[in-house]
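K.L.:
need a structure here:
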Amino acid sequence: MSNLFLHDLSHFTGDLTRYQHPLNANVIYTPGVRHVAREGDAYWLLDAIAFQLGSPEFKQAVAAGPRIGDLHFWKLCVRTDRSAQLIARADSDVAPFLCEEIRFTDFPLDVIDIWAGFSGGLWTLYLPSEH
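P.N.:
Numbering: from 1, shown residues only. Alright, predicted model coming up:
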């Protein structure tokens with residue numbers, strides 16, 4: 001049983017605590033993102049984003065739209081059949097620059113947004129409420 005509830009995420013409003021991703025040293029994340037991973041049993045989601053940052057597809061997207069190299073937005077949408085789609089966009093009104101189909105997930109929420117900002121040589125993953 002998951003202890004992840006959408007209404008709890010607004011309690012994360014930003015602080016200076018960061019956690020380093022174990023497989024991509026260039027990625028850190030906030031307490032809110034850690035909460036999503038721990039309570040939603042979704043460290044795989046952090047892995048999926050961290051693996052894409054720096055991938056050839058990502059580098060190609062940054063070359064085409066340099067803003068992506070500073071800030072972009074990830075969204076996981078879970079369908080009723082428990083498949084999902086993970087997309088990354090430069091902004092809400094533009095087409096995704098990365099899209100990954102997930103055949104099955106037990107992620108407890110229908111949708112989650114995680115933002116990625118680059119500064120100081122590191123990507124920081126954070127919840128919109130932590131901006």
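K.L.:
what about this structure, any weak spots by pLDDT?
P.N.:
Counting by pLDDT under 70, the chain shows low-confidence ranges at 1.
K.L.:
Please, where are all the helices along it?
P.N.:
Under the criterion DSSP state H, the chain contains helices at 6-9, 31-39, 43-52, 56-64.
K.L.:
Tell me which residues of the longest one come out buried.
P.N.:
Within helix 43-52, the residues scored as buried using 16 or more other C-beta atoms under 10 Å are 45-47, 49-50, 52. (Glycine included, C-beta is placed from N, CA and C.)
K.L.:
residues in contact with the most centrally placed residue in the chain?
P.N.:
Of all residues in the chain, the one closest to the mean position by C-alpha atoms, centre = their mean is I114, 3.8 Å from it. Counting by C-beta atoms under 8 Å, 6 or more residues apart in numbering, I114 makes contact with 33, 36, 45, 49, 73-76, 125-127.
K.L.:
want to try CSV for these, with distance to H21 as columns?
P.N.:
Formatted as CSV, the entries for those read as follows, by distance: C-beta to C-beta, whole Å:
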residue, distance to H21
V33, 10
V36, 14
L45, 11
I49, 9
F73, 18
W74, 14
K75, 19
L76, 17
L125, 8
Y126, 13
L127, 16
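K.L.:
filter the residues you listed to the buried ones?
P.N.:
Restricting the contacts of I114 to buried positions leaves 33, 36, 45, 49, 73-76, 125-127, with burial counted as 16+ other C-beta under 10 Å.
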